[in-house]
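In: My questions are about this predicted structure, shown below with the sequence.
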Amino acid sequence: MTDEDSSFTTGNVLANDKGGENLIITGLNTSGTQGTVTNNGDGTFNYDPNGQFESLAEGETATDTFFYTIENSDGVLDTAAVTVTINGLDDTLILEGTGGNDILTGTNADEIFIGLRGRDTLTGGSGKDKFVFTSTVDAGDTITDFEVGSDLIVFTDLFESIGFEGLDPISAGVVGFLGSGDNTIITIDPDGIAGGARARSFLSVEGVSVENMKNADNFVF
């Protein structure tokens, strides 16, 4: 057993074989094997997933099999199989900014963006990305390519920082939406419609209308 990023060496396959004395490995068949297998010459094999299982999510598994042929001192041949279980990993890349004005650009993978302070420009790319905001001092960022139904804006830590514990921050007026051409400005009002504080511009989402943005499914609260 291994994970999608790690190679390993098998145990000695000859040690438990009862096919006779002076066993040697005479053949290796990897025609249907996705990873890379090396015969170490001592009864063990080195197996490398070789980047073929990167699509596995954390908690998912796959198997890969190769075959070897052994021969004893009487010339008798036998074939056996080694099946390797590969465990998926959480490959999510985290892109974190500084206290300044950062430009963070993702790829076609699923990524997490944490801009922090400063007026950051965040471009997710084509993956299913999460844009995480931890405090009201993170205000001023711009998301250039938010994909409705795929990407998410995460306000969990932000709400904890302002003490909001309600279930529906949009109805409560804590999260608001203003149109600006083809873009949406997301506002934050720490005490919502019930308090005396004023909603302030927090985040600009380019290319997404208020109608499409004003949906709880776009957020993690």
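Out: Structure received.

In: Now the closest residue to residue 32 other than its chain neighbours: which helix or strand?
Out: Of all residues beyond its chain neighbours, the one nearest residue 32 is residue 65 (6.9 Å), with distances taken as Cβ to Cβ, 6 or more residues apart in numbering. (Glycine included, C-beta is placed from N, CA and C.) Residue 65 belongs to strand 61-71 when assigned by DSSP states H and E.

In: Show me what that strand pairs with in its sheet, parallel or antiparallel.
Out: strand 24-29 (antiparallel), strand 77-87 (antiparallel) (DSSP bridges).

In: Mind listing what's buried along that strand?
Out: Within strand 61-71, the residues scored as buried using 16 or more other Cβ atoms under 10 Å are 62, 64, 66-68, 70-71.

In: between these, which is closest to residue 204?
Out: Using Cβ to Cβ, residue 62 is the member of the buried residues of strand 61-71 that lies nearest residue 204, at 41.4 Å.

In: list the contacts for the residue nearest to residue 32?
Out: Counting by Cβ atoms under 8 Å, 6 or more residues apart in numbering, residue 65 touches 32-33, 81-84.

In: and of those, the nearest to residue 154?
Out: residue 84 (36.1 Å).

In: ok, the closest one to residue 62 distance?
Out: Distance of residue 84 to residue 62, computed by Cβ to Cβ, to the nearest Å: 9 Å.

In: Can you say which of the strands paired with strand 61-71 is nearest to residue 141?
Out: strand 77-87 (35.5 Å).
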